[in-house]
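Peer 1: A predicted structure for the sequence below; I have some questions about it.
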Amino acid sequence: MNGPLIVQSDKTLLLEVDHEQANDCRRAIAPFAELERAPEHIHTYRVTPLGLWNARAAGHDAEQVVDALVEYSRYPVPHALLVDVAETMARYGRLQLAKHPVHGLVLKCSDRPVLEEVLRSKKVQPLIGARLDPDTVVVHPSERGQVKQVLLKLGWPAEDLAGYVDGEAHAIELDLDGWELRPYQEQAVEGFWHGGSGVVVLPCGAGKTLVGAGAMARAKATTLILVTNTVAARQWKHELVRRTSLTEDEIGEYSGTRKEIRPVTIATYQVLTTRRKGVYPHLELFDSRDWGLVVYDEVHLLPAPVFKFTADLQARRRLGLTATLVREDGRETDVFSLIGPKRFDAPWKEIEAQGYIAPADCIEVRVNLTDSERLAYATAETEEKYRFCATTDSKRRVTEALVGRHKGQQTLVIGQYIDQLDELGAHIGAPVIKGDTTNARREKLFDSFRRGEIQVLVVSKVANFSIDLPEATVAIQVSGTFGSRQEEAQRLGRVLRPKADGHEATFYSVVARDTVDQDFAAHRQRFLAEQGYAYRIVDATELLADDDV
């Protein structure tokens, strides 16, 4: 036994990155294990109940999980852990939600003591009705989502077999003139449709919108699509008109500026979560038509009020699309219970190997602060430390030099702090896109960038999501939302779309040495390390020795 994996009884897995079998092992454990730490040589994964239940819902059984651990482990796998894996996965589906010809919705069990246990919960009792027989209890149809949430928290995730309403029929076909769904996109659509609801995880640039279009063509019904912002809404509309039988008139935009409700309606999370006098007036959009399908773009960003309303939508087919199921607020369990379990997950490196996304060189550029900057950082208030080290003049000079180093390539400079971005834009002579940039101005600048008329864009976090910039080759990240792993994934995704010339993408993260910036960078990089992207750490002065830094 000389495998790359050390399996420990506390459910942590240590993967030796440089081992010849490391990539095969990473693929084998990805369906059920989450990466926790990713330093240079040993990556630490953890096996969690949610990870095992997601794997079970996606069609993996305990035997496959055990086989993966045993095959790649360097030492004998602790027997207690193998037993725990099997028993945890066996919890999924012992309780089932099903249709009933008289009572509408019931909770059934294949293991009566489990039903007895959950019925004693004070959180379950208000959600259920009469007991029909020893193994069946009535559930109020309006509580279908709530029941799933509560049961998951009790450690007994219910399998939802109650089915879905078809909704209002609407003809939608894929217009396959000159293109076709890629094999993994077809698998994603099939995985979703077979399960009825759930989440598809694909890297940025891998065509999540086309998976949505494929699901719509299967549903052939009115569809509500929820997106992060108005730019994303218009890109969805453009793609649907281009790739399906839908016309412009059949697709409505429901945003801050327009309130169109049509057979296919694209709404922004922002407008749905607008509150007036304590109420959300636009949530009635969910009831405005007999929707057959609800699509949640960037489901890892789903706001809390939309979760709440989604609990009442359990009879509708629901498709979540995302590059990462990581949520910084820890609400992955709500995605599982309310949108649905993970139905398809394609490792980024596999899609890269197939040529559908560009290979990427990830480089962390470590910058030394000047003596005066170090002193100012040392004496800054705790809550101001990150802002200070993320926006220093030393970083600005290095960023300018990196832009100069890639002159002639389509480059994005991405950051968190608006004053920093304005200053960078002024120094490198590039336009800045931020929160108060009008949608018309944003779209004009993005179009100019796509056509190559503008080669450098400075963008705030508004460009993290659903922005289609196919020719971006270089991204330079100067600051971020602290240690956000999901943001790191989105930002790398800006440059992963295949290049017409086959060029490799380059993703820089400029980090201030010996500061909290360095700690946050290590946390942000965890998700990408899980996907097989290794960061090279280089010193700014060495990297730019030939430049005037």
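Peer 2: Yep, that arrived.

Peer 1: isn't Leu154 right up against Val118?
Peer 2: Yes. The criterion here is CB atoms under 8 Å, and Leu154 meets it with Val118 at 5.7 Å. For the C-beta atoms, the positions are set from N, CA and C on the backbone; glycine is no exception.

Peer 1: any residues in contact with both of those two?
Peer 2: By CB atoms under 8 Å, 6 or more residues apart in numbering, Leu154 and Val118 have these common neighbours: Val124.

Peer 1: looking at the two, which is more packed in?
Peer 2: Set side by side, Leu154 and Val118 show more neighbours around Val118, with 23 against 16, by other CB atoms under 10 Å.

Peer 1: so the most centrally placed residue in the chain versus Val365, what's the distance?
Peer 2: For the chain, the residue whose C-alpha lies nearest the mean C-alpha position (CA atoms, centre = their mean) is Thr324; its distance is 2.9 Å. Distance of Thr324 to Val365, given as CB to CB, to the nearest Å: 24 Å.

Peer 1: do the same with Arg536
Peer 2: Taken as CB to CB, the span from Arg536 to Val365 is 9 Å.

Peer 1: for the two, indicate the residue with more neighbours.
Peer 2: Neighbour totals were compared for Arg536 and Val365, and Val365 leads with 25 against 10 (other CB under 10 Å).

Peer 1: for the helix or strand in which that one is found, buried residues please.
Peer 2: According to DSSP states H and E, Val365 maps onto strand 360-367. Neighbour counts over strand 360-367 (16 or more other CB atoms under 10 Å) mark 360, 362-367 as buried.

Peer 1: so can I have CSV of these showing distance to Ala33?
Peer 2: As requested, the buried residues of strand 360-367 are exported to CSV (distance: CB to CB, whole Å):
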residue, distance to Ala33
Ala360, 23
Cys362, 22
Ile363, 27
Glu364, 24
Val365, 30
Arg366, 30
Val367, 34
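
Peer 1: now those as JSON lines including pLDDT and distance to Val510?
Peer 2: As requested, those are exported to JSON lines (pLDDT from 0 to 100; distance: CB to CB, whole Å):
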{"residue": "Ala360", "pLDDT": "80", "distance to Val510": "16"}
{"residue": "Cys362", "pLDDT": "84", "distance to Val510": "13"}
{"residue": "Ile363", "pLDDT": "87", "distance to Val510": "9"}
{"residue": "Glu364", "pLDDT": "87", "distance to Val510": "8"}
{"residue": "Val365", "pLDDT": "91", "distance to Val510": "5"}
{"residue": "Arg366", "pLDDT": "92", "distance to Val510": "9"}
{"residue": "Val367", "pLDDT": "91", "distance to Val510": "6"}
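
Peer 1: number of residues surrounding Gly104?
Peer 2: Other residues within reach of Gly104, judged by other CB under 10 Å, total 14.

Peer 1: neighbouring contacts of stretch 415-432?
Peer 2: 387, 390-391, 396, 399-400, 403, 413, 434-435, 445, 454, 456-461, 477-481.

Peer 1: in helices, which of the residues you listed appear?
Peer 2: Using DSSP state H, the members of those that fall within helices are 387, 390, 396, 399-400, 403, 445.

Peer 1: what stretches of the stretch 201-350 of the chain score poorly on pLDDT?
Peer 2: 326-328 (pLDDT under 70).

Peer 1: helix or strand next in line after the one helix or strand Glu253 maps to, which one?
Peer 2: Counting by DSSP H and E, the element that carries Glu253 is strand 251-254. Once strand 251-254 ends, the next helix or strand along the chain (criterion: DSSP H and E) is strand 264-268.

Peer 1: go through that following strand and flag the buried ones.
Peer 2: 264-268.

Peer 1: could you do stretch 108-124 as well?
Peer 2: Quick answer for stretch 108-124 (16+ other CB under 10 Å): 108-109, 114-115, 118, 124.

Peer 1: also stretch 93-105?
Peer 2: Neighbour-count burial for stretch 93-105, counted by 16+ other CB under 10 Å, picks out 93-98, 103, 105.

Peer 1: likewise for stretch 152-171?
Peer 2: 152, 154, 156-160, 162, 164, 167, 170.

Peer 1: ok, now how distant is Ser448 from Val231?
Peer 2: 14 Å.

Peer 1: who's more crowded, those two?
Peer 2: More crowded of Ser448 and Val231, by other CB under 10 Å: Val231, with 21 against 14.

Peer 1: nearest residue to that one other than its sequence neighbours?
Peer 2: Leaving aside its chain neighbours, Val231 sits nearest to Arg442 (5.7 Å; criterion: CB to CB, 6 or more residues apart in numbering).

Peer 1: ok, Leu302 next?
Peer 2: Sequence neighbours aside, Tyr296 is the residue nearest to Leu302 in space, at 6.0 Å (criterion: CB to CB, 6+ apart).

Peer 1: burial count for the one you found?
Peer 2: 25.

Peer 1: name the SS class of it, please.
Peer 2: Here Tyr296 is recorded as strand under DSSP: H, G, I helix; E, B strand; the rest coil.

Peer 1: pretty sure it is touching Leu319, no?
Peer 2: Yes. With contact defined as CB under 8 Å, Tyr296 and Leu319 form a contacting pair (7.0 Å).

Peer 1: find residues that contact each of those two.
Peer 2: Counting by CB under 8 Å, 6+ apart, nothing touches both Tyr296 and Leu319.

Peer 1: one step back: show me the buried residues of stretch 93-105 that map onto helices.
Peer 2: Counting by DSSP H, the buried residues of stretch 93-105 contribute nothing to helices.

Peer 1: and the buried residues of stretch 108-124 as a markdown table, adding pLDDT, distance to Asp334 and secondary structure?
Peer 2: Output for the buried residues of stretch 108-124, formatted as a markdown table (pLDDT from 0 to 100; distance: CB to CB, whole Å; DSSP: H, G, I helix; E, B strand; the rest coil):
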| residue | pLDDT | distance to Asp334 | secondary structure |
| --- | --- | --- | --- |
| Lys108 | 95 | 24 | strand |
| Cys109 | 94 | 23 | strand |
| Val114 | 95 | 22 | helix |
| Leu115 | 95 | 23 | helix |
| Val118 | 95 | 18 | helix |
| Val124 | 94 | 17 | coil |
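
Peer 1: Trp291 against Ala219, yeah?
Peer 2: No. Using CB under 8 Å as the test, Trp291 is too far from Ala219 to be in contact (9.6 Å).

Peer 1: what helix or strand is the closest residue in space to Tyr280 that isn't next to it in sequence located in?
Peer 2: Of all residues not flanking Tyr280 in the chain, Pro305 sits nearest, at 5.6 Å (CB to CB, 6+ apart). If you go by DSSP H and E, Pro305 is part of helix 304-310.

Peer 1: please name every helix or strand in contact with that helix.
Peer 2: helix 269-272 (3 or more CB pairs under 8 Å, 6 or more residues apart in numbering; DSSP states H and E).

Peer 1: doesn't Lys349 fall inside a strand?
Peer 2: No. Lys349 is assigned helix when assessed by three-state DSSP, not a strand.

Peer 1: surely it is in contact with Asn23?
Peer 2: Yes. Counting by CB under 8 Å, Lys349 does reach Asn23; the two are 7.2 Å apart.

Peer 1: any weak-confidence spans in the stretch 351-500 of the chain?
Peer 2: Looking at the stretch 351-500 of the chain by pLDDT under 70, you get 462-471, 481-489, 494, 498-500.

Peer 1: returning to what we had before: just send the buried residues of stretch 93-105 back as JSON lines, with distance to Ala55 and pLDDT too.
Peer 2: As requested, the buried residues of stretch 93-105 are exported to JSON lines (distance: CB to CB, whole Å; pLDDT from 0 to 100):
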{"residue": "Gly93", "distance to Ala55": "13", "pLDDT": "90"}
{"residue": "Arg94", "distance to Ala55": "16", "pLDDT": "94"}
{"residue": "Leu95", "distance to Ala55": "18", "pLDDT": "95"}
{"residue": "Gln96", "distance to Ala55": "19", "pLDDT": "95"}
{"residue": "Leu97", "distance to Ala55": "20", "pLDDT": "94"}
{"residue": "Ala98", "distance to Ala55": "23", "pLDDT": "94"}
{"residue": "His103", "distance to Ala55": "32", "pLDDT": "91"}
{"residue": "Leu105", "distance to Ala55": "27", "pLDDT": "93"}
